[in-house]
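Asker: sequence and predicted structure below; questions after.
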Amino acid sequence: MTFCAGALANAATLNLSPLPQEAKTQATVQPAPAQVSNVLASQQVPAPQAAVEQQGTDAEDDATPEYATLSDAVAAQEDVAALEEDRELRCLATGVYFEARSEPLSGQLAVADVILNRSTSGRFPGSVCSVVTQKGQFSFVRGGKLPTPPSNAHWRRALAVAQVARKNLWESPAGDALYFHARYVNGAQGRATVATVGNHIFYR
């Protein structure tokens, strides 16, 4: 049994001088165990544990960075060249590069999001590389193989945009679009238009 320091201190200062017989009788009937029980009960404080759990939740919420602009989010993706060994990211960046390298960042992100949306839709192949190399879907693919992008600023930007899209660091301007085409192409075929970004129209 554990006693709090305060209870022990009080016990140490008790007057131990002999008591009259009547006082001794009264002393023997004092509900001391109840006092100890009350002291112990008062030491049970579950609140700090809840506070620790709340702090942990707050720390997890703060783990996702926030950016003022899409440009800031793209610029924050450092050492993107080192990520080229990530096959899925490279496939995504290749799609961005060949389909939208001359588009604004929002247009590049929208293309990346269409590819990601397809890979999780259940209506297209289940991986990014399989979506990009699917026969008849992207004109830059030849014989099911991806061309090698040049190692330049446009390619590094495409890698950064792909990273932003995959980490979901910026809201997609294309929403849940599964298709896109250039403005000068009439290819919607009755599907619902989701957005127009740069020179592309996005739809489902």
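Answerer: The structure has been received and is ready for your questions.
Asker: all strands of this protein, in order?
Answerer: Secondary structure of the chain (DSSP state E): strands at 179-182, 193-197, 200-203.
Asker: need the winner for burial among these.
Answerer: Among the strands of the chain, ranked by average contacts under mean count of other CB atoms under 10 Å, first place goes to strand 200-203 (a mean of 22). Glycine gets a C-beta too; all of them are placed from N, C-alpha and C.
Asker: ok so, going back, got the strands of the chain as CSV, with mean pLDDT and distance to residue 121 columns?
Answerer: Output for the strands of the chain, formatted as CSV (pLDDT from 0 to 100; distance: least, CB to CB, whole Å):
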stretch, mean pLDDT, distance to residue 121
strand 179-182, 94, 11
strand 193-197, 94, 14
strand 200-203, 95, 14
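Asker: how about these in JSON lines, adding distance to residue 138?
Answerer: Written out in JSON lines, the entries for those read as follows (distance: least, CB to CB, whole Å):
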{"stretch": "strand 179-182", "distance to residue 138": "11"}
{"stretch": "strand 193-197", "distance to residue 138": "18"}
{"stretch": "strand 200-203", "distance to residue 138": "13"}
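Asker: low-confidence stretches in the chain?
Answerer: 1-64, 81, 187-188 (pLDDT under 70).
Asker: try it again with 90
Answerer: Counting by pLDDT under 90, the chain has low-confidence residues at 1-66, 78-85, 172, 175, 184-192.
Asker: just checking, residue 128 touches residue 90?
Answerer: No. Counting by CB atoms under 8 Å, residue 128 does not reach residue 90; the two are 9.2 Å apart.
Asker: compare neighbour counts for the two and give me the winner.
Answerer: For the pair residue 128 and residue 90, the greater number of neighbours falls to residue 128 (25 against 21), based on other CB atoms under 10 Å.
Asker: who's in contact with the more buried one?
Answerer: 88, 89, 91, 92, 115, 116, 119 (CB atoms under 8 Å, 6 or more residues apart in numbering).
Asker: check contacts around the third one.
Answerer: Put plainly, it is residue 91. 128, 129, 132, 133, 146.
Asker: among these, which one sits closest to residue 107?
Answerer: Proximity of the contacts of residue 91 to residue 107 was ranked by CB to CB; the top entry is residue 132 with 17.3 Å.
Asker: you'd agree the closest one is up against residue 138?
Answerer: Yes. Counting by CB under 8 Å, residue 132 does reach residue 138; the two are 6.1 Å apart.
Asker: shared neighbours, those two?
Answerer: Contact criterion CB under 8 Å, 6+ apart; residues shared by residue 132 and residue 138: residue 95.
Asker: so which of those two has more stuff around it?
Answerer: residue 132 (25 against 16).
Asker: how about residue 201, what does it touch?
Answerer: Contact partners of residue 201, counting by CB under 8 Å, 6+ apart, are 180, 181, 182, 183, 188, 193, 195.
Asker: residue 172: which of those is nearest?
Answerer: Comparing the contacts of residue 201 against residue 172 with CB to CB picks out residue 195 as the nearest, at 8.9 Å.
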